[in-house]
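# Generate a structure from the sequence data that follows.
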Amino acid sequence: MSTIAESESAPNSIPLSEFRANCSRILDRVEEDGNPVTVTKNGRPVAVVTPFPKQPTSFWERLGEIIEAAPGADIDNIWEGEWDADWCPTHEVTG
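You can find the predicted model right below:
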């Protein structure tokens, strides 16, 4: 049976009994190195433990995930026509 001593030597696949015995350390390793671990039962894969996606910590990180700009784009000088928008908060809405 293998041991979870170092993340470099830890296997990518472990038996369920080892997962139960070392669950906390295995989860810490998956979170730290980002590599998934396959849990096996009687030699068959039954689950994959993967790291939870990191959540953005700031407004700008969140905005960066929503908006993609072309490399070199001048995002400080975008005018309404470039957005192909029908409405702009600085203009009156007409019906």
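
# so where's the longest helix in the protein?
Of all the segments of type helix in the chain, defined by DSSP state H, the longest one is helix 23-33.

# which helices and strands does that one pack with?
Packing partners of helix 23-33 (3 or more C-beta pairs under 8 Å, 6 or more residues apart in numbering; DSSP states H and E): strand 37-41, strand 44-49. (Glycine included, C-beta is placed from N, CA and C.)

# can you do 7 Å?
Taking 3 or more C-beta pairs under 7 Å, 6 or more residues apart in numbering; DSSP states H and E as contact, the helices and strands that helix 23-33 lies on are strand 44-49.

# Could you point out the helix or strand that follows the strand it packs on?
Downstream of strand 44-49, the first helix or strand assigned by DSSP states H and E is helix 59-66.

# In CSV, please show the C-alpha coordinates belonging to that next one.
Taking C-alpha atoms only, helix 59-66 is exported to CSV below (Å, rounded to 0.1, in the frame of the first residue of the first chain):
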residue,chain,number,x,y,z
PHE,A,59,-14.0,43.2,-8.5
TRP,A,60,-11.3,43.5,-11.2
GLU,A,61,-10.6,39.8,-11.2
ARG,A,62,-14.3,39.0,-11.5
LEU,A,63,-14.7,41.6,-14.3
GLY,A,64,-11.7,40.0,-16.1
GLU,A,65,-13.5,36.7,-16.1
ILE,A,66,-16.6,38.2,-17.7
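
# Just list what that helix packs against, helices and strands only.
The contact analysis (3+ C-beta pairs under 7 Å, 6+ apart) places helix 59-66 against no helix or strand.

# returning to that earlier point: and the longest helix of the chain, what's its mean pLDDT?
Confidence for helix 23-33, expressed as mean pLDDT, is 95.

# Begin at 58 from now on, thanks
In the new count, where the first residue is 58, that last one comes out as helix 80-90.

# ok and it relative to strand 101-106, angle-wise?
On the basis of axes from the mean of the first three to the mean of the last three C-alpha atoms, to 10 degrees, helix 80-90 is oriented at 60 degrees to strand 101-106.

# Give me the below-cutoff pLDDT ranges for this structure.
Judged by pLDDT under 70, the chain has its weakly predicted residues at 58-68, 113, 122, 126, 132-152.
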